[in-house]
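Undergrad: my questions concern the predicted model and sequence given below.
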Amino acid sequence: MKSKFAVSTVLVGAVLASQVPMAASAFWAWGPTWTTPSASRYLYVWSSSFTSAQQTAIANANMAYDSSKTNAFDPGDPGSSTLHISGTTFSTNATAYANATFKISRQTSTWTFGSRYVGFTCLGICGTISPGANRSTIYLNDVNFNFGTSFIPSLTSPTVDLQTIVLHELGHSHGLGHPEQIHNPFTPAEAASVMYVNETVKRSLTSDDIKGLEVNY
């Protein structure tokens, strides 16, 4: 089961190195966890960075964590994240995007987190990057990866499933870590979870992801 990390200093998670060259992996760092959730919080995305199909994939990934839904996580427990996700806003309003609490940034020209990593989630502070207290920014590596609807390994320009990647990175924003870095050995349920890093399409939360959210919130 995942753990939420309540810390006051930056922690950097160890990386699961894939055996497939340039395969999709994830990396994250986070500072203080969410402490003052608002009544309503939207995931902001710069609309011109993504096609309509990609926008749909992002919105669908975010919907998995939507606390406004009835029985948000499973029929037995409606659950609720401290993010209080209320939907996805696609915007070209620079001020609104800059001030957003929760957003995705597609890095198309410069990627500073290591070429092997398709996603990087910052909560609080990531090195010299400071989204601010109770803010989260998900960075997507468009420099070294193609965002599609499947995983296609390549030595030069691998393709990853965008919805899977966003669903995984949103898990970090909610305080979930990689099971293989928390438990060793890890269980089959943990290996099947969205938060376990491998080249597999995963577009919905599993029982283990849900339990991690329910326990932590």
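TA: On my side now, so go ahead.

Undergrad: gap between residue 211 and residue 189?
TA: Distance of residue 211 to residue 189, given as C-beta to C-beta, to the nearest Å: 8 Å. Placement of C-beta: from N, CA and C, glycine included.

Undergrad: ok, now residue 48?
TA: Here the criterion is C-beta to C-beta. By it, residue 48 lies 39 Å from residue 189.

Undergrad: which one's more surrounded, those two?
TA: Between residue 48 and residue 189, residue 189 has the larger neighbour count (other C-beta atoms under 10 Å), namely 15 against 10.

Undergrad: I'd assumed residue 212 was in contact with the more buried one.
TA: No - applying C-beta atoms under 8 Å, one finds residue 189 not in contact with residue 212, separated by 10.6 Å.

Undergrad: wait, a strand at residue 119?
TA: Yes - under DSSP: H, G, I helix; E, B strand; the rest coil, residue 119 falls within a strand.

Undergrad: you'd agree it is up against residue 137?
TA: No - in this structure, residue 119 is not within contact of residue 137 by C-beta under 8 Å, at 11.1 Å.

Undergrad: low-confidence ranges in this protein?
TA: Scanning the chain for pLDDT under 70 picks out the ranges 1-40, 67-84, 124-134, 214-217.

Undergrad: so which residues of it form strands?
TA: Applying DSSP state E to the chain gives strands spanning 11-12, 25-30, 41-46, 85-91, 102-107, 117-123, 136-141, 146-148, 159-161.

Undergrad: redo these as JSON lines? Include distance to residue 168 and mean neighbour count.
TA: Shown next, in JSON lines, are those (distance: least, C-beta to C-beta, whole Å; neighbours: other C-beta atoms under 10 Å):
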{"stretch": "strand 11-12", "distance to residue 168": "17", "mean neighbour count": "12"}
{"stretch": "strand 25-30", "distance to residue 168": "6", "mean neighbour count": "22"}
{"stretch": "strand 41-46", "distance to residue 168": "14", "mean neighbour count": "22"}
{"stretch": "strand 85-91", "distance to residue 168": "16", "mean neighbour count": "19"}
{"stretch": "strand 102-107", "distance to residue 168": "13", "mean neighbour count": "21"}
{"stretch": "strand 117-123", "distance to residue 168": "7", "mean neighbour count": "25"}
{"stretch": "strand 136-141", "distance to residue 168": "10", "mean neighbour count": "24"}
{"stretch": "strand 146-148", "distance to residue 168": "13", "mean neighbour count": "16"}
{"stretch": "strand 159-161", "distance to residue 168": "10", "mean neighbour count": "21"}
